[in-house]
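Undergrad: Output the structure for:
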Amino acid sequence: MDPVRERLREVLVKNGDREYTLTLDREDFSALYPRMVRYVLAVSAGTNRLAIFRTNTFEYSPLSPLTAESVALEKAGEWANELKTDPARILHDFPDRKPKPAKRPAADLVILQGSPRPDGNCAILSGWASEAARKAGRTVEVIYPHDLDIHCCIGCYQCYNTGTCVFGDDMTGIIDAVRRARLIIVCSPVYTNTVTAGLKLVIDRMQAYHAERTLSGGRSDQQGLLFSVAGRKGGDNFVCITKVTKAFFQNCGIEPAGEVLIDSVDAVKDIREIKGKKELVYELVHRLLS
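TA: Here you go, the predicted structure:
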């Protein structure tokens, strides 16, 4: 996404024989969110950017006395004074935050395993999908959110300043895995009509990946599947879980490519007893990864 930019301020600041250019830009992100505006304050020397500060209107709640514009203007005044008196205070450590480079090989298939039960029906679904992918010569990574350190999203919207989340936890690795996969499977039992708590943490924190894609672009060749089981009988048990998963895929630029929804599991107990389900999972995974 390329926002409409407006230069609000450009000041040349001298300190001895050094010259710095202080700029403040206004970027209109209203095409993404109504009334979202980002302010970018930067210090440059020639073509070298030495310091940067970003803030956006969605960071400030209705009860806050601050606004993004007032904060940006105040920061611009502070930086102008510090460039004249003590530039080292703002120039010593201002790297842009960017997604960290991957530390592990990319997997063709990433399964977000929402079930906290390692031996339940979702584990069976995940196992079928993994087996199908490996038989097709593809690599697989299964992610178990309940076993990881994942902070809940606090809706600070600071990810739209940098493209990264303010929290440095295990979510960084999850985003990296999803970013590089060809196929993403959301696998979850129905808990109170929706996905499990651990999986919902992941879905909410994917807002940072949405911000990254918004600011830097992203791939458009990924596909996604939903696998889910419900104890009770009836397709209406999956209404909420399908809506949540669809929103997650849309946020990440992933094309929904199918679903396997199995109800009445309380009565069936073991989905391996249901004819055709394993073959359906195999067919979907093999077709999308071949």
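Undergrad: quick one: the strands in the stretch 1-150 of the chain?
TA: 4-15, 18-28, 37-45, 48-56, 109-113, 140-143 (DSSP state E, counting those that start in this stretch).
Undergrad: Strand partners (parallel or antiparallel) of the third one?
TA: Strands adjacent to strand 37-45 in the sheet, as given by DSSP bridges, are strand 18-28 (antiparallel), strand 48-56 (antiparallel).
Undergrad: got it, and the last one?
TA: Using DSSP bridges, the strands paired with strand 140-143 are strand 109-113 (parallel).
Undergrad: CA atoms only: put the strand it pairs with into PDB for me.
TA: Taking Å, rounded to 0.1, in the frame of the first residue of the first chain, the C-alpha atoms of strand 109-113 are listed here in PDB:
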ATOM      1  CA  LEU A 109       2.900 -26.600   4.800                       C
ATOM      2  CA  VAL A 110       2.300 -24.900   8.200                       C
ATOM      3  CA  ILE A 111      -0.400 -26.300  10.500                       C
ATOM      4  CA  LEU A 112      -1.600 -24.000  13.300                       C
ATOM      5  CA  GLN A 113      -2.800 -26.700  15.600                       C
END
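Undergrad: which residues are in contact with it?
TA: Taking contacts as Cβ atoms under 8 Å, 6 or more residues apart in numbering, the residues outside strand 109-113 that touch it are 122-123, 126, 129-130, 133, 138-145, 174, 177-178, 181-188, 199, 202, 285, 289. (Each C-beta comes from the backbone N, C-alpha and C, glycine too.)
Undergrad: on that earlier part again, of the strands of the stretch 1-150 of the chain, which is nearest D170?
TA: D170 lies closest, by Cβ to Cβ, to one member of the strands of the stretch 1-150 of the chain: strand 140-143, at 9.1 Å.
Undergrad: and the gap between P116 and A123?
TA: According to Cβ to Cβ, to the nearest Å, P116 and A123 sit 10 Å apart.
Undergrad: which secondary structure element contains C240?
TA: Assessed by DSSP states H and E, C240 sits inside helix 239-252.
Undergrad: what is the mean pLDDT for that helix?
TA: For helix 239-252, mean pLDDT is 97.
Undergrad: Would you mind pulling the contact partners of the longest helix seen in the chain?
TA: For the chain, the longest helix by residue count, based on DSSP state H, is helix 68-85. The contact list for helix 68-85 (Cβ under 8 Å, 6+ apart) reads 9, 11, 13-15, 20, 22, 24, 37-39, 41, 43, 51, 53, 55-57, 59-60, 89-90.
Undergrad: quick one, that helix and strand 37-45 angle?
TA: Interaxial angle of helix 68-85 relative to strand 37-45 (axes from the mean of the first three to the mean of the last three Cα atoms, to 10 degrees): 10 degrees.
Undergrad: list the buried ones in helix 68-85?
TA: A68, E69, V71, A72, L73, K75, A76, W79, E82, L83 (16 or more other Cβ atoms under 10 Å).
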